[in-house]
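1. Below: sequence and its predicted model.
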Amino acid sequence: MATKKEIAAEIRAQYGNVLTTKQAGEFLGMSPKPAKEFLEGVPTFQLGLKKCYFAIDLAQRLVESQIS
């Protein structure tokens, strides 16, 4: 099981520290609808017209999903 720090580093290596919803879905290997459902509750912010996520927040959600 990967740690939050390891997952965040992998995300940053591929996309940088900020991901759009589309990029998050690509990283998760999910199509748009399941990705949006998985990402519900993850903190977001607007960057222009795009909803974005920080790599560390996405990593946290992935760690939480590994536990449950």
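-> Looks like it arrived, so ask away.

2. Would you mind listing the residues in contact with residue 47?
-> 18, 20 (CB atoms under 8 Å, 6 or more residues apart in numbering). For every residue, glycine as well, the C-beta is placed using N, CA and C.

3. Relative to residue 18, how far out is it?
-> For residue 47, the distance to residue 18 (CB to CB, to the nearest Å) stands at 7 Å.

4. now residue 36
-> If you go by CB to CB, the gap between residue 36 and residue 18 works out to 17 Å.

5. Check this protein for me, the residue farthest from its geometric middle.
-> For the chain, the largest distance from the centre (CA atoms, centre = their mean) belongs to residue 48, which lies 18.5 Å off.

6. For residue 11, give me its contacts.
-> 19, 27, 55, 58, 59.

7. Of these, which is the nearest to residue 40?
-> Here the nearest of these to residue 40, counting by CB to CB, is residue 58; it sits at 12.6 Å.

8. export the strand ranked longest in the chain as CSV, just CAs?
-> Longest strand in the chain by number of residues (criterion: DSSP state E): strand 50-54. Presented in CSV, the C-alpha positions along strand 50-54 are these (Å, rounded to 0.1, in the frame of the first residue of the first chain):
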residue,chain,number,x,y,z
LYS,A,50,-11.8,24.9,-14.5
LYS,A,51,-12.3,23.1,-11.2
CYS,A,52,-8.9,22.0,-9.9
TYR,A,53,-7.5,19.8,-7.2
PHE,A,54,-4.2,19.9,-5.3
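
9. Show me what that strand is packed against.
-> strand 18-20, helix 21-28, strand 45-47 (3 or more CB pairs under 8 Å, 6 or more residues apart in numbering; DSSP states H and E).

10. Export those as a markdown table, with columns for mean pLDDT.
-> Shown next, in a markdown table, are these (pLDDT from 0 to 100):
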| stretch | mean pLDDT |
| --- | --- |
| strand 18-20 | 95 |
| helix 21-28 | 95 |
| strand 45-47 | 92 |
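
11. residues contacting the spatially most central residue of the chain?
-> The chain has residue 58 as the residue nearest its centroid, 3.2 Å off, counting by CA atoms, centre = their mean. Shown in contact with residue 58 (CB under 8 Å, 6+ apart): 7, 8, 11, 19, 24, 27, 39, 42.
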